[in-house]
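> A predicted structure for the sequence below; I have some questions about it.
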Amino acid sequence: MGSSTLHIDLGALAQNWRVLDAKSAANVETAAVVKADGYGTGAGKAARALARAGAKTFFVAAAEEGIDVRNAVGPSPRVCVFSGHMAGDTDMIADMQLIPMLNSLDQITRHFELLPKHPFGVQLDTGMNRLGLEANEWDAVRDLVMAANPVLIMSHLACADEPDHPMNAQQLAEFHKMTDGLDVPRALSATGGILLGPDYHFDLTRPGIGLYGGLPFEDAAPVVRVECPVIQIRDVPAGETVGYGNTWTAEVPSRVATVSAGYADGITRQISNKSVLFDGDTPCPLIGRVSMDLITVDVTHLDQTPRSLDLLCAHQTVDDLAEIGGTIGYEILTSLGRRYNRRYRT
Ligand SMILES: *Cc1c(COP(=O)(O)O)cnc(C)c1O
């Protein structure tokens with residue numbers, strides 16, 4: 001039990017889904033995005049908890065990711081693939097009953113030739129220039145594609161976490177232009193788009209980060225806690241230094257705890273000498289550099305020697321740590337490595 005523990009609160013995950021679901025009208029379906037191993041929480045466990053909460057449609061990035069999700073949720077829920085129908089994925093798409101979101105004329109041709117009758121969706125590009133058919137391509141194939149009954153037409157917003165960004169209205173108008181009048185369910189919004197309001201909801205929403213406790217969903221319940229066991233405690237005399245590069249010097253006689261977690265566990269070195277870990281409610285400064293497997297912490301002010309310290313918890317969310325580390329909550333979550341003991345709570 002030398003490594004850190006990643007506590008995952010599946011009850012909080014389900015609760016976040018319900019709160020996001022309640023933000024759209026009753027006739028709008030709220031799906032769940034479980035790509036990147038459920039944003040680091042474990043795609044199978046996350047999908048099962050979300051299915052129990054009521055989610056009926058799941059999204060993954062690549063077909064391979066759909067296998068765990070299908071096995072976890074059983075045959076009924078829809079499992080959709082953002083990257084579409086890639087060469088080599090045909091058997092997996094058929095065997096696991098995945099629904100590819102077709103992104104290009106090539107993918108449409110491939111799907112219609114290799115799996116005619118197998119359900120599919122279409123992704124349109126409304127300005128992000130990342131995935132999906134451009135307006136002129138869509139014009140060329142729209143009638144043909146619509147005749148084959150897509151289950152969903154979707155696009156993705158580039159700036160939804162900035163409510164005042166003009167790109168939101170621009171993409172909304174483009175999506176209307178490309179899809180109004182078509183008899184097919186439509187989806188435009190991820191977490192950020194849900195919070196932009198009902199104009200952005202269409203028939204289905206696709207929250208990801210908000211489910212896992214991240215911004216821009218400010219009211220999210222925290223889903224992950226990272227608990228790092230204390231391996232050793234030492235007294236450091238004033239004037240001595242701690243860690244690689246001697247970047248921290250004790251100004252007074254100090255007590256230093258060494259905990260098991262490091263950048264190999266996805267704890268970015270950018271938080272060296274900047275962050276804190278928590279003993280219950282009490283913050284303890286992270287001192288010196290984060291190394292591969294170890295972090296050093298100033299616990300001089302504690303009355304008792306802690307057995308473990310929390311790096312992520314209700315007092316320090318993924319977004320707090322992201323802010324300190326110069327990144328985003330998404331990256332903190334999906335970087336949490338393989339070495340953690342994973343403990344699930346329902
Ligand atoms: C990742 C992703 C989502 C989920 O986005 P969040 O910001 O995590 O809610 C939705 N749709 C697409 C196309 C995505 O790539």
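Ah, there it is.
> Mark out where each domain of this structure begins and ends.
For the chain, automatic domain parsing gives the domain ranges 10-212, 224-345.
> end-to-end on the longest one?
Read it as domain 10-212. When the termini of domain 10-212 are compared using C-alpha to C-alpha, to the nearest Å, they are 9 Å apart.
> In the stretch 101-250 of the chain, where is pLDDT below threshold?
Judged by pLDDT under 70, the stretch 101-250 of the chain has no weakly predicted residues.
> How many residues are close by the residue in the stretch 201-346 of the chain that the ligand sits nearest to?
Residue nearest to the ligand within the stretch 201-346 of the chain (C-beta to the nearest ligand atom): G208, separated by 2.6 Å. C-beta coordinates here come from the backbone N, C-alpha and C atoms, glycine included. Residues near G208, counting by other C-beta atoms under 10 Å, number 20.
> ok, back up a step: could I get the domains of the chain in TSV, plus columns for distance to S4?
Below are those laid out as TSV (distance: least, C-beta to C-beta, whole Å):
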stretch	distance to S4
domain 10-212	13
domain 224-345	4
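> Compare these and report which one is nearest to G2.
Proximity to G2 (C-beta to C-beta) singles out domain 224-345 among the domains of the chain, at 5.4 Å.
> quick one: terminal-to-terminal distance for that closest one?
Span of domain 224-345 from end to end, C-alpha to C-alpha: 10 Å.
> For the residue of the stretch 201-346 of the chain closest to the ligand, which non-adjacent residue is spatially closest?
V33 (3.4 Å; C-beta to C-beta, 6 or more residues apart in numbering).
> For the one you found, give me phi and psi.
As for V33, its main-chain torsions (degrees, to the nearest 10) stand at phi -100, psi 120.
> quick one on the thing from earlier: who touches the residue of the stretch 201-346 of the chain closest to the ligand in this structure?
A32, V33, V34, K35, Y39, F59, A190, T191 (C-beta atoms under 8 Å, 6 or more residues apart in numbering).
> Can you name the secondary structure element that comes next after the one helix or strand A140 maps to?
In this structure, A140 sits in helix 135-147 according to DSSP states H and E. Next helix or strand after helix 135-147 toward the C-terminus (DSSP H and E): strand 153-154.
> Check the secondary structure at Y344 for me.
strand (DSSP: H, G, I helix; E, B strand; the rest coil).
> Now do the nearest residue to it once chain neighbours are set aside: how many residues are near it, please.
Counting by C-beta to C-beta, 6+ apart, Y344 lies nearest to I8, which is 5.2 Å off, once chain neighbours are set aside. The number of residues packed near I8 is 25, by other C-beta under 10 Å.
> and I8, what are its bridge partners?
V224, Y344 (DSSP bridges).
> Verify the stated contact: it with T41.
Yes - assessed by C-beta atoms under 8 Å, I8 is found in contact with T41 at 4.9 Å.
> Who are the contact partners of T191?
L20, A160, P207, G208, I209, G210, L211, G214, P216, F217.
> Now the phi/psi pair for it, please.
Main-chain dihedrals, T191, degrees, to the nearest 10: phi -50, psi -50.
> Spatially nearest residue to it, not counting backbone neighbours?
Closest residue in space to T191, ignoring its immediate chain neighbours: G210 at 3.7 Å, by C-beta to C-beta, 6+ apart.
> The residue nearest in space to the middle of the chain: what's it in contact with?
The chain has Y39 as the residue nearest its centroid, 3.5 Å off, counting by C-alpha atoms, centre = their mean. With contacts defined as C-beta under 8 Å, 6+ apart, the neighbours of Y39 are A46, G208, I209, L211, Y212, G214, Y330, L333, T334.
> hmm, back to that, common neighbours of I8 and T41, please.
Common neighbours of I8 and T41 (C-beta under 8 Å, 6+ apart) are V223, V224.
> before we move on, back to that, any buried residues in the helix holding A140, and which?
For helix 135-147, burial by neighbour count (16 or more other C-beta atoms under 10 Å) applies to W138, R142, V145.
> tell me which of those residues is nearest to the ligand?
Using C-beta to the nearest ligand atom, W138 comes nearest to the ligand of the buried residues of helix 135-147, at 16.8 Å.
> for the closest one, what are its contacts?
By C-beta under 8 Å, 6+ apart, the neighbours of W138 are L124, M178.
> do that again at 10 Å, thanks
With contact set as C-beta atoms under 10 Å, 6 or more residues apart in numbering, W138 has these partners: L105, V122, L124, D125, G132, V145, I153, M178, T179.
> The last one reaches V145, doesn't it?
What it means is T179. No - counting by C-beta atoms under 10 Å, T179 does not reach V145; the two are 11.6 Å apart.
> Give the intersection of the neighbour lists for the two.
V122, W138, I153.
> Regarding P100, what is its secondary structure?
strand.
> burial measure for it, as a count.
Summarising burial for P100: neighbours were counted as other C-beta under 10 Å, giving 27.
> Let me know whether my guess that R234 is in a helix holds.
No - judged by three-state DSSP, R234 forms no part of a helix; its state is strand.
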